[in-house]
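Student: Based on what follows, work out the 3D shape:
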Amino acid sequence: MEGRPVPLRIALVDLDWRGLDVFRTALAVALREAGGEPQRAAEAEVRLVVAEGPDAPAFHWARLAGVPRAGEVARLGDVVVDTVVVSAASPRAGQAARLAAALGALVVALPAPGAASQRAGASS
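Tutor: Numbering: from 1, shown residues only. Next up is the predicted model:
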């Protein structure tokens, strides 16, 4: 393991299918902006998935990936993570971001679907 950095440990909060598709890209951008190494996003280990219920897309994804899952944001305190990726559309986004920051984790907020097109439309 000499010379290889320890993989980032991450948690995902309330991601939909789109968020699950793009979370590594968003993580790479956030790492680059924070002065980190964006290539670490590709090897990041998902340690916990938090979603509102067993029918949520993230729960299905976690089940397939063999990742622990929880329904309560408070479970973030039970695992060691470096980064928490949270959907900005989640009603629990603020709670998750505050808890993650208190735990010393980088918080990456995925914009709500359509946010980029709304911003583009607002500048026209």
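
Student: Below-threshold pLDDT in the protein: ranges please.
Tutor: 1-3, 113-124 (pLDDT under 70).

Student: mind listing the strands for it?
Tutor: For the chain, the strands defined by DSSP state E cover 9-13, 45-50, 69-70, 83-87, 106-110.

Student: Using CSV, lay out those together with mean neighbour count and distance to F23.
Tutor: From N, CA and C alone the C-beta is placed, and that goes for glycine too. Formatted as CSV, the strands of the chain follow (neighbours: other Cβ atoms under 10 Å; distance: least, Cβ to Cβ, whole Å):
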stretch, mean neighbour count, distance to F23
strand 9-13, 25, 6
strand 45-50, 21, 9
strand 69-70, 18, 15
strand 83-87, 26, 5
strand 106-110, 21, 7
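
Student: Show me the one of those strands that comes nearest V22.
Tutor: Nearest of the strands of the chain to V22, taken as Cβ to Cβ: strand 106-110 at 6.9 Å.

Student: what packs against that closest one?
Tutor: helix 17-33, strand 83-87, helix 93-102 (3 or more Cβ pairs under 8 Å, 6 or more residues apart in numbering; DSSP states H and E).

Student: deepest of those, which one?
Tutor: Using mean count of other Cβ atoms under 10 Å, the stretch among the helices and strands packed on strand 106-110 with the largest mean neighbour count is strand 83-87, at a mean of 26.

Student: picking up where we left off before, among the helices and strands packed on strand 106-110, which comes closest to A109?
Tutor: strand 83-87 (5.6 Å).

Student: what's the angle from the closest one to strand 45-50?
Tutor: Orientation note: strand 83-87 sits at an angle of 40 degrees relative to strand 45-50 (axes from the mean of the first three to the mean of the last three Cα atoms, to 10 degrees).

Student: Show me what strand 83-87 pairs with in its sheet, parallel or antiparallel.
Tutor: Sheet pairing of strand 83-87 (DSSP bridges) gives strand 9-13 (parallel), strand 106-110 (parallel).
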